[in-house]
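>>> Quick one: sequence and predicted model below, then my questions.
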Amino acid sequence: MKPFRTFIFFTAVLLLLFIVALLIPEQGVGITGDLRLSFLSVSGQFREDSLISENKAEQLMAASTVTDDPEADPETDLFSPQDTFGQLTRTAIVPANADSLQLSVYRLQFSEANPVLLGSFFKKLDGLRKGKVRRSRILHFGDSQIENDRMTALVRYRLQQHFGGSGTGLVPAIPLYSGNMAYEQDQEGEWGRYTFFGKRDSTIRHNSYGVMGAFASVPTVEDAGWPYLYFRFNTFRRTGQFNRIRIFLHSYVEEASLVFQVNDTITDTLKHLADGFSVVDYRHHSRVKELKVHMGLPEGGRIYGISFESEGGLQVDNIAMRGGSGLIFSKMNRRQQQSMMEALSPGLIMLQYGGNVVPYINPDFYRRAFKRELQFFKEICPGVPVIVIGPSDMSIKENGVFKTYPNIEPIRDALQRAALESGFAFWDLYEAMGGNNSMPSFVQADPPLASTDYVHFTPLGVNLVAEMFYNALILEYNNHSFEDVSQ
């Protein structure tokens with residue numbers, strides 16, 4: 001066939017398909033049984049994603065001063081601008097910003113049965129400010145939305161500015177990802193990393209993974225030398241400054257030893273460590289730029305986490321579980337988790353899950369299953385309040401247009417019900433960012449606030465939603481009547 005005739009043929013076919021697409025309704029035409037013939041919506045091919053959602057992202061950014069650096073100092077804060085740690089009085093703690101800023105805060109939701117849930121934690125924060133409480137801690141669990149200190153970092157920095165404290169808190173010995181702003185990490189020896197979430201290694205016969213749901217296997221001592229972990233810290237950042245190191249480990253035999261080498265100088269050797277679970281607590285009162293921890297575990301062992309923290313103030317731990325649904329805690333070794341929790345002594349627990357179950361889990365099943373996990377936290381951390389943070393908006397492409405996953409709101413509702421029925425708190429990230437079809441406005445914002453997978457936020461976007469949560473938490477703190485807290 002000659003080229004011209006070929007061109008005419010294909011043009012005619014395309015024109016015919018275009019006409020058919022115009023005539024066939026958007027929902028398609030039933031052929032037989034479940035078989036349905038449908039075409040991409042013609043109008044949908046010429047619609048911008050931003051046109052089908054409110055421009056919520058630009059509105060939120062206009063009221064915010066965040067950057068892609070979570071440790072950038074904010075120009076606005078629900079604390080009084082003159083408030084700094086160590087110079088505060090109780091009367092100064094009032095919402096000091098414009099009424100419009102407070103009205104823009106998407107509030108935490110509380111169970112009717114427990115409206116002062118956070119009272120015990122707020123009392124600890126108030127004690128930190130007044131120097132009456134030495135330290136407290138927040139454990140922030142979540143899925144890939146918080147991975148690599150995302151979201152946690154800004155909340156940590158803002159809280160530590162007002163209540164004291166420094167350091168990253170709890171980190172894995174062998175990370176899954178790199179690029180932490182506080183430190184660089186490396187190791188010597190044949191280390192392994194095992195997780196209870198995601199794809200589990202079938203050769204691991206126990207279920208002792210610690211509260212992070214993961215552990216690093218410590219190599220045995222070889223003739224060539226002890227295996228070690230190496231860290232190089234960015235001491236210009238608040239998260240890179242600390243004077244206390246705690247290592248949560250399990251040795252398979254007695255007589256384990258750890259050697260701490262700080263800034264090329266061996267500073268301490270801890271010997272005769274017991275077998276089983278233990279917590280090594282090491283203090284160093286000058287600035288740590290480089291750290292090597294040499295591991296003398298004769299038969300190897302496990303490290304459940306390392307905490308870089310200050311002597312006093314507030315610690316905020318980022319515990320990310322890529323692909324996690326938040327349903328593993330009650331399945332891991334209870335005694336070991338309880339021992340680790342007792343050592344950490346959290347004042348608040350935050351659980352941020354839901355996104356990974358949206359495409360495939362029944363919401364009612366998820367509500368019941370998640371409620372069991374909340375009951376587990378009640379039992380191993382009695383009296384510790386929990387805030388459940390719901391999933392963000394997520395988009396799926398239908399007929400050329402990105403729309404909210406149909407199961408987002410039912411999963412959000414399942415988490416909300418589980419939290420409130422358990423007497424805990426809930427923060428609705430989905431509604432806070434704009435609700436239905438808000439993700440496209442985040443993707444198409446300039447600069448972008450979410451990636452083109454229409455699921456994950458960019459560094460700027462995640463700091464924006466982290467600030468929204470921080471403002472919600474601090475607004476409750478500012479409005480709290482401390483006389484309501486029992487002594």
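All right, it came through fine.
>>> give me the low-pLDDT residue ranges for this protein?
Scanning the chain for pLDDT under 70 picks out the ranges 1-7, 9-10, 12-14, 16-55, 80-103, 223, 483-487.
>>> What is the burial count for Ala224?
8 (other Cβ atoms under 10 Å). Placement of C-beta: from N, CA and C, glycine included.
>>> how near is it to Glu190?
Per Cβ to Cβ, to the nearest Å, Ala224 is found 11 Å from Glu190.
>>> Next: Cys381.
Shown here: Cys381 relative to Glu190, a distance of 35 Å by Cβ to Cβ.
>>> Those two: which has the busier surroundings?
Neighbours per residue, other Cβ under 10 Å: of Cys381 and Glu190, the larger number sits with Cys381, 22 against 12.
>>> quick one: secondary structure of the closest residue to the more buried one other than its chain neighbours?
Once flanking residues are discounted, Cys381 sits nearest to Met341: 5.6 Å by Cβ to Cβ, 6 or more residues apart in numbering. What DSSP: H, G, I helix; E, B strand; the rest coil gives for Met341 is helix.
>>> Could you pull out the helices in the stretch 51-200 of the chain for me?
56-62, 99-103, 119-130, 152-163 (DSSP state H, counting those that start in this stretch).
>>> Could you identify which of the ones you listed is most buried?
Highest mean neighbour count among the helices of the stretch 51-200 of the chain (mean count of other Cβ atoms under 10 Å): helix 152-163, with a mean of 24.
>>> How far off centre is it?
14 Å (Cα atoms, centre = their mean, to the nearest Å).
>>> I figured Gln160 was touching Phe242, is that so?
No - using Cβ atoms under 8 Å, Gln160 makes no contact with Phe242, being 11.6 Å away.
>>> related to what we said a few turns ago, CSV for the helices of the stretch 51-200 of the chain, including distance to Asp268?
What follows is the helices of the stretch 51-200 of the chain, written out as CSV (distance: least, Cβ to Cβ, whole Å):
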stretch, distance to Asp268
helix 56-62, 48
helix 99-103, 48
helix 119-130, 28
helix 152-163, 26
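>>> Could you check those helices and tell me which one is nearest Pro448?
Of all the helices of the stretch 51-200 of the chain, helix 56-62 sits nearest to Pro448, with 9.2 Å by Cβ to Cβ.
>>> What count of nearby residues applies to Val316?
Val316: 28 neighbours (other Cβ under 10 Å).
>>> That one: what secondary structure?
strand.
>>> now the strands for the stretch 251-400 of the chain?
Using DSSP state E, counting those that start in this stretch, the strands of the stretch 251-400 of the chain run over 256-262, 265-273, 276-283, 290-296, 301-309, 313-320, 348-352, 386-389, 395-398.
>>> partner strands of the next helix-or-strand element following the last one, parallel or antiparallel?
Later in the chain than strand 395-398, the nearest helix or strand by DSSP states H and E is strand 401-404. The partner list of strand 401-404 in its sheet, established with DSSP bridges, is strand 395-398 (antiparallel).
>>> and the chain, what are its domains?
Recorded structural domains for the chain (assignment: automatic domain parsing) are 3-37, 48-165+313-487, 170-311.
>>> distance of Val443 from Asp68?
According to Cβ to Cβ, Val443 and Asp68 sit 16 Å apart.
>>> These two: who's more crowded?
Neighbours per residue (other Cβ under 10 Å) separate Val443 from Asp68, with Val443 holding more: 23 against 13.
>>> quick one: contacts of stretch 282-297?
189, 218-221, 226-233, 235, 241-247, 249, 251-253, 256-264, 267-268, 270, 301, 306, 311 (Cβ atoms under 8 Å, 6 or more residues apart in numbering).
>>> Touching, the residue nearest to Cys381 and Ile380? I think so.
Yes - with contact defined as Cβ under 8 Å, Met341 counts as touching Ile380 (5.6 Å).
>>> could you measure Glu184 against Asn234, distance?
From Glu184 to Asn234 the distance is 8 Å (Cβ to Cβ).
>>> can you give me the helices in the stretch 301-450 of the chain?
334-344, 363-380, 408-421, 429-432, 439-443.
>>> Any buried residues in the fourth one, and which?
By 16 or more other Cβ atoms under 10 Å, the buried positions in helix 429-432 come out as Leu429, Tyr430, Ala432.
>>> and what of the third one?
Neighbour-count burial for helix 408-421, counted by 16+ other Cβ under 10 Å, picks out 408-420.
>>> can you check the last one too?
Residues Met439, Pro440, Ser441, Phe442, Val443 are the ones in helix 439-443 that count as buried (16+ other Cβ under 10 Å).
>>> The first one now?
Burial within helix 334-344, assessed by neighbour count using 16+ other Cβ under 10 Å, is assigned to Gln336, Gln337, Ser339, Met340, Met341, Leu344.
>>> packing partners for that helix?
strand 244-251, strand 276-283, strand 301-309, helix 363-380 (3 or more Cβ pairs under 8 Å, 6 or more residues apart in numbering; DSSP states H and E).
>>> could the ones you listed go into a markdown table alongside distance to Lys331?
What follows is the helices and strands packed on helix 334-344, written out as a markdown table (distance: least, Cβ to Cβ, whole Å):
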| stretch | distance to Lys331 |
| --- | --- |
| strand 244-251 | 18 |
| strand 276-283 | 18 |
| strand 301-309 | 16 |
| helix 363-380 | 9 |
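>>> quick check, nearest of the buried residues of helix 334-344 to Arg322?
Looking at the buried residues of helix 334-344 and their distance to Arg322, the nearest is Gln337, at 19.7 Å (Cβ to Cβ).
>>> Report the separation between that closest one and Leu344.
10 Å.
>>> likewise Ile146?
Counting by Cβ to Cβ - Ile146 and Leu344 are separated by 18 Å.
>>> From Phe260, how far off is the residue nearest to Val316 when sequence neighbours are not counted?
In space, and not counting its chain neighbours, Val316 is closest to Arg156: 3.7 Å by Cβ to Cβ, 6+ apart. For Arg156, the distance to Phe260 (Cβ to Cβ) stands at 25 Å.
>>> contacting residues around the closest residue to Leu117 other than its chain neighbours?
Computed as Cβ to Cβ, 6+ apart, the closest residue to Leu117 that is not its neighbour in sequence is Pro385, at 4.8 Å. Going by Cβ under 8 Å, 6+ apart, Pro385 touches Leu117, Leu118, Ser120, Phe121, Leu348, Ile349, Phe424, Ala425.
>>> quick one: which of the residues you listed is nearest Tyr477?
Nearest to Tyr477, judged by Cβ to Cβ, of the contacts of Pro385 is Leu118 at 7.7 Å.
>>> what's the spacing between the nearest residue to the closest one once chain neighbours are set aside and Phe277?
Among residues not flanking Leu118 along the chain, Pro385 sits closest, at 5.4 Å (Cβ to Cβ, 6+ apart). Separation of Pro385 from Phe277 (Cβ to Cβ): 26 Å.
>>> Return the distance of the spatially closest residue to Ala214 that is not a sequence neighbour relative to Ile380.
What sits nearest to Ala214 in space, not counting adjacent residues and going by Cβ to Cβ, 6+ apart, is Thr195, at 4.3 Å. Distance of Thr195 to Ile380, computed by Cβ to Cβ: 20 Å.
>>> Lovely, talk soon.
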